[in-house]
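Visitor: pasting the sequence and the predicted model now:
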Amino acid sequence: METRKPGVGVGVMLINKKGDVLLGRRHHDPAKADSALHGEGTWTFPGGKLDFGESVFSGAARELMEETGMAAKGLELFSVGNEIRHDVHFITLGFLSRDFTGEPKVREPDEITEWRWFPLNQLPEPMFPPARKMVENYKSQRLIADSE
């Protein structure tokens with residue numbers, strides 16, 4: 001019998017000088033949106049799954065670069081989300097950066113169809129659940145958001 005274990009994801013919340021955050025729209029096709037949490041058509045932060053043997057900071061920086069072509073000069077862990085569904089369990093680590101270089105480019109068009117900046121108090125819907133928890137944690141200044 002196989003023992004199931006949670007996966008680990010990382011997300012990066014970039015906040016620009018205007019206070020806007022960068023979000024990407026996940027592909028509407030579930031096969032292309034590539035998420036066990038079924039995030040097709042939702043808005044999310046740059047991020048993805050942590051690779052085996054990779055540090056959490058390196059994984060977040062790698063995912064940011066792979067998806068947007070941008071580099072964070074500093075990443076701060078600010079959020080831990082615990083997403084449990086009947087068939088999947090993910091821990092998502094949220095990282096924050098206000099110091100970054102580059103302009104967002106769609107580098108994985110089969111997964112993310114566009115990148116846009118949004119005011120933190122005017123986020124689009126629907127939001128990817130782990131990204132929503134990152135925003136809630138940021139606004140409430142709490143570290144952990146557990147699944148309900």
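Guide: Nice, thanks for sending it over. Numbering: from 1, shown residues only.
Visitor: now do residue 15, the pLDDT please.
Guide: We have a pLDDT of 98 for residue 15.
Visitor: do a quick rundown of the strands in the chain.
Guide: In the chain, the segments counted as strands under DSSP state E are 7-14, 20-26, 43-44, 47-49, 71-72, 76-85, 88-97, 100-101, 112-119, 144-145.
Visitor: by mean pLDDT, flag the weakest helix or strand of this structure.
Guide: Ranked by mean pLDDT, DSSP states H and E, the weakest helix or strand in the chain is helix 30-33, scoring a mean of 62.
Visitor: just put the strands of the chain in a markdown table and tack on distance to residue 132 and mean neighbour count.
Guide: Every residue, glycine included, has its C-beta placed from N, CA and C. Shown next, in a markdown table, are the strands of the chain (distance: least, Cβ to Cβ, whole Å; neighbours: other Cβ atoms under 10 Å):
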| stretch | distance to residue 132 | mean neighbour count |
| --- | --- | --- |
| strand 7-14 | 11 | 23 |
| strand 20-26 | 11 | 21 |
| strand 43-44 | 9 | 24 |
| strand 47-49 | 13 | 21 |
| strand 71-72 | 21 | 18 |
| strand 76-85 | 9 | 17 |
| strand 88-97 | 11 | 21 |
| strand 100-101 | 22 | 14 |
| strand 112-119 | 13 | 15 |
| strand 144-145 | 9 | 16 |
